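A.B. asks: 3D model of this:
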Amino acid sequence: MPIPDVGASGVPEPALPLSSVTVPIFVPMEVVRSFLDGEIPAAFAEGETTELIERPGLSASANWNLTRSPLQLSGDDGVLAGSLDLAGSADIGVDLGPAGISKNVDLRGRISLLARPRLQSDWRLTVPDFQIRDELQEATMELALPAAGTAPGEETEENPILEDMPRLGAFVRGVRNVVSAVATSIGERTVSISVRSILSRYLEPEIEALRSNIVEDIAASDFLEESAREIWSRLCTSVPVESGYWLRVKPVRARAAQPSVTTEGILVHLGVEAETQLSSSSTELDCPFPDSLTVEPAEGGQFEIRLPMELDYKVVRRELSGFLVGETSESPFSIGVDEVTYFGAHGRSLLLGMAVRTHTASWLDSFAVGTVYVALDPYLDVGSDTLRFREVRMDTASRNALVAAVAELGEPFFERAIERHAFDLGPTYGQLLSAANDAIEDLSSDPFEVRGTMDELGLMGIQLGAESLRLEGFARGDLSVVVAEIP
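C.D. replies: Residues are numbered from 1 along each chain as shown. Here you go, the predicted structure:
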């Protein structure tokens with residue numbers, strides 16, 4: 001291998017991987033029912049009208065009121081179905097001139113509703129096909145209305161001629177009463193008033209107004225967005241780990257699936273993609289909340305977090321110095337390490353520079369000093385969660401031929417010394433597991449209850465950067481959110 005130029009590694013810094021977290025947000029059916037029930041007035045409908053009967057010379061009026069029972073709600077196959085019972089009465093009054101008729105009619109009925117909630121990219125829920133139907137039971141009122149004419153016994157103006165003829169006058173009056181009674185009996189009619197059909201004309205606009213109000217209130221509600229903002233802000237964090245590292249999480253993209261409606265409630269899968277990293281220092285994070293939401297098919301409530309651990313080359317150099325400096329090989333070619341002068345990336349390998357001294361014990365003792373460069377490849381021992389080095393290859397930057405020769409002969413010495421040392425990452429990842437589970441517990445706050453655990457943690461790869469060695473770790477687990485109340 002040629003003498004390296006340690007001034008430029010030519011290695012770009014690897015991009016941070018994106019972690020994927022899918023959080024099922026569950027709203028129990030009782031919470032949904034309570035929210036919708038609050039949108040419907042308890043005094044469902046009331047009113048009055050004076051245009052009850054359209055008949056010349058006859059007027060009728062009515063006033064009514066309807067109250068409702070609590071909303072009953074169920075769900076299945078993506079559809080919410082609800083119903084509530086109506087009960088009330090209508091007071092009917094008919095003006096017949098000198099006399100009037102009044103009657104109280106009981107009212108019974110039911111209101112049913114159907115809704116299929118849909119999620120939009122602006123974080124709003126809509127119910128485009130929301131339906132409300134009234135099923136008011138038939139209620140009628142029977143009225144016996146007299147025909148026009150003179151009622152029996154009604155006095156009429158007497159003819160003056162008959163006043164002089166008492167017997168004839170009595171006879172005429174008797175005949176008149178009989179004719180009037182017969183005419184009244186023949187002309188009398190019974191009128192049936194359909195209270196349901198009358199009230200339906202007034203209920204339909206009120207039901208349509210109620211439907212519009214509910215649709216508009218749901219579309220205007222920022223509950224889902226505020227819930228997502230709360231989760232987003234809590235994910236944007238830098239959590240300390242006891243081993244001196246910080247778990248850095250920066251959410252960058254949001255996605256979600258269309259709501260799933262079941263008998264238990266409504267389930268919305270919210271997905272977050274985030275940059276995650278184990279860093280040796282805390283970082284102030286800026287995590288802008290996305291204006292739009294990507295709507296896509298649902299995934300399970302699990303997460304896989306990529307956990308790149310940045311090992312600064314200066315830190316690794318100090319670690320290597322701790323066990324290499326002072327190491328001396330056996331005679332006849334003695335090699336001692338005085339200082340680790342360089343450690344960094346070079347191409348696809350790592351380069352280790354050491355200031356060494358050599359001693360050749362023979363009939364002609366000789367001593368020399370110089371710099372030896374060792375190329376080595378990092379690898380992960382996944383089973384033991386350790387970082388090791390292998391494929392040690394020697395070269396020298398010294399012009400001293402003796403150093404070069406002795407270094408070549410001493411290559412097994414360096415290889416054994418370097419390969420037997422390992423960076424144990426188990427404690428760091430163990431502390432990370434504990435810190436992450438604590439962080440999950442801290443995510444809960446009214447009205448959200450966060451449930452979940454991180455139960456699998458490990459290493460999966462390694463990358464070389466310009467300034468650091470990146471160990472690719474991962475974490476898997478499950479996470480869910482239960483909503484206790486819709487504000």
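
A.B. asks: Is I486 in contact with R33, as I believe?
C.D. replies: No - with contact defined as Cβ atoms under 8 Å, I486 does not count as touching R33 (10.3 Å). The C-beta positions use only the backbone N, C-alpha and C, and glycine is treated the same way.

A.B. asks: more crowded one of these two?
C.D. replies: When I486 and R33 are compared on other Cβ atoms under 10 Å, the one with more neighbours turns out to be R33, at 19 against 16.

A.B. asks: List the buried residues of the strand or helix carrying the more buried one.
C.D. replies: Assigned by DSSP states H and E, R33 belongs to helix 29-39. For helix 29-39, the neighbour count (16 or more other Cβ atoms under 10 Å) marks M29, V31, V32, R33, F35, L36, D37 as buried.

A.B. asks: hmm, who's touching stretch 115-134?
C.D. replies: With contacts defined as Cβ atoms under 8 Å, 6 or more residues apart in numbering, stretch 115-134 is touched by 78-80, 82, 86, 109-114, 200, 203-204, 207-208, 210-211, 214-215, 218-222, 224-225, 228, 256-259, 261, 266, 268, 291-295.

A.B. asks: So which of these belong to strands?
C.D. replies: Secondary structure from DSSP state E places 79-80, 82, 86, 109-114, 256, 261, 266, 268, 294-295 of the contacts of stretch 115-134 in strands.

A.B. asks: G461: neighbour count?
C.D. replies: Neighbours of G461 under the rule other Cβ under 10 Å: 14.

A.B. asks: so it sits right up against L380, yeah?
C.D. replies: Yes - proximity of G461 to L380 meets the contact threshold set by Cβ under 8 Å, at 7.1 Å.

A.B. asks: so what's in contact with those two at the same time?
C.D. replies: Joint contacts of G461 and L380 (Cβ under 8 Å, 6+ apart) are L471.

A.B. asks: and G370, helix, strand or coil?
C.D. replies: The assignment at G370 comes out as strand when based on DSSP: H, G, I helix; E, B strand; the rest coil.

A.B. asks: so where is the stretch 301-450 of the chain shaky, pLDDT-wise?
C.D. replies: Confidence mapping of the stretch 301-450 of the chain against pLDDT under 70 gives the ranges 301-303, 327, 329-333, 361-365, 395-410.

A.B. asks: what about the helices in the stretch 101-250 of the chain?
C.D. replies: 160-163, 166-187, 195-220, 223-235 (DSSP state H, counting those that start in this stretch).

A.B. asks: Pick out the shakiest of those helices, pLDDT-wise.
C.D. replies: Note on the helices of the stretch 101-250 of the chain: helix 166-187 shows the lowest mean pLDDT, a mean of 48.

A.B. asks: and the residue lying closest to H359 once chain neighbours are set aside, what helix or strand is that in?
C.D. replies: Closest residue to H359 apart from its sequence neighbours, by Cβ to Cβ, 6 or more residues apart in numbering: S334 at 4.1 Å. Using DSSP H and E, the element containing S334 is strand 333-346.

A.B. asks: what's the offset of that strand from the middle of its chain?
C.D. replies: The chain centre lies 54 Å from the centre of strand 333-346; the measure is Cα atoms, centre = their mean, to the nearest Å.

A.B. asks: Can you list the buried residues in it?
C.D. replies: F333, S334, I335, G336, V337, V340, T341, Y342, F343, G344, A345, H346.

A.B. asks: And stretch 434-444, by the same measure?
C.D. replies: Across stretch 434-444, burial judged by 16+ other Cβ under 10 Å covers A435, A436, A439, I440, L443.

A.B. asks: would you list those residues in a markdown table and tack on distance to D95 and secondary structure?
C.D. replies: Converted to a markdown table, the buried residues of stretch 434-444 look like this (distance: Cβ to Cβ, whole Å; DSSP: H, G, I helix; E, B strand; the rest coil):
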| residue | distance to D95 | secondary structure |
| --- | --- | --- |
| A435 | 82 | helix |
| A436 | 80 | helix |
| A439 | 76 | helix |
| I440 | 73 | helix |
| L443 | 69 | coil |
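
A.B. asks: Report the two of those separated the most.
C.D. replies: A435 and L443 (13.3 Å; Cβ to Cβ).

A.B. asks: Now do the helix or strand hosting Q463: which elements does it pack against?
C.D. replies: Q463 is part of strand 448-464, with elements assigned from DSSP H and E. With contacts taken as 3 or more Cβ pairs under 8 Å, 6 or more residues apart in numbering; DSSP states H and E, strand 448-464 sits against helix 223-235, strand 302-312, strand 366-381, helix 426-442, strand 468-483.

A.B. asks: With distance to E275 added, can I get these in a markdown table?
C.D. replies: Listed next are those as a markdown table, based on distance: least, Cβ to Cβ, whole Å:
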| stretch | distance to E275 |
| --- | --- |
| helix 223-235 | 11 |
| strand 302-312 | 9 |
| strand 366-381 | 22 |
| helix 426-442 | 16 |
| strand 468-483 | 13 |
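
A.B. asks: right, and those - which one's nearest F389?
C.D. replies: Proximity to F389 (Cβ to Cβ) singles out strand 366-381 among those, at 4.4 Å.

A.B. asks: what angle separates the very next helix or strand once past that closest one from strand 448-464?
C.D. replies: Following strand 366-381 in sequence order, the next helix or strand is strand 386-396 (DSSP H and E). Comparing the axes of strand 386-396 and strand 448-464 via axes from the mean of the first three to the mean of the last three Cα atoms, to 10 degrees yields an angle of 20 degrees.

A.B. asks: Starting from strand 386-396, tell me which strands it pairs with and how they run.
C.D. replies: As defined by DSSP bridges, the strand partners of strand 386-396 come to strand 366-381 (antiparallel), strand 423-424 (antiparallel).

A.B. asks: looking at those strands, which is buried most?
C.D. replies: Stretch with highest mean neighbour count among the strands paired with strand 386-396: strand 366-381 (a mean of 18; mean count of other Cβ atoms under 10 Å).

A.B. asks: Let's see that one as CSV, backbone CA atoms only.
C.D. replies: C-alpha atoms of strand 366-381 as CSV (Å, rounded to 0.1, in the frame of the first residue of the first chain):
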residue,chain,number,x,y,z
SER,A,366,20.2,-1.0,15.9
PHE,A,367,17.5,1.5,16.9
ALA,A,368,15.2,3.5,14.7
VAL,A,369,12.0,5.7,15.1
GLY,A,370,9.4,6.4,12.5
THR,A,371,5.6,6.4,11.7
VAL,A,372,3.8,3.3,10.8
TYR,A,373,0.4,3.3,9.1
VAL,A,374,-2.0,0.4,9.6
ALA,A,375,-5.0,0.0,7.3
LEU,A,376,-7.8,-1.9,9.0
ASP,A,377,-11.5,-2.7,8.3
PRO,A,378,-14.2,-2.3,11.0
TYR,A,379,-16.8,-4.9,11.4
LEU,A,380,-19.7,-5.6,13.8
ASP,A,381,-19.9,-8.7,15.9
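
A.B. asks: mind listing what's buried in whichever strand or helix holds V272?
C.D. replies: Following DSSP H and E, one finds V272 within strand 265-279. Across strand 265-279, burial judged by 16+ other Cβ under 10 Å covers 265-272, 274-279.

A.B. asks: go on, stretch 311-323?
C.D. replies: Burial within stretch 311-323, assessed by neighbour count using 16+ other Cβ under 10 Å, is assigned to L311, D312, Y313, V315, V316, R317, E319, L320, S321.

A.B. asks: gap between stretch 252-270 and the chain center?
C.D. replies: Averaging C-alpha positions (Cα atoms, centre = their mean) puts stretch 252-270 6 Å from its chain's average.

A.B. asks: Right, I'll call it a day here.
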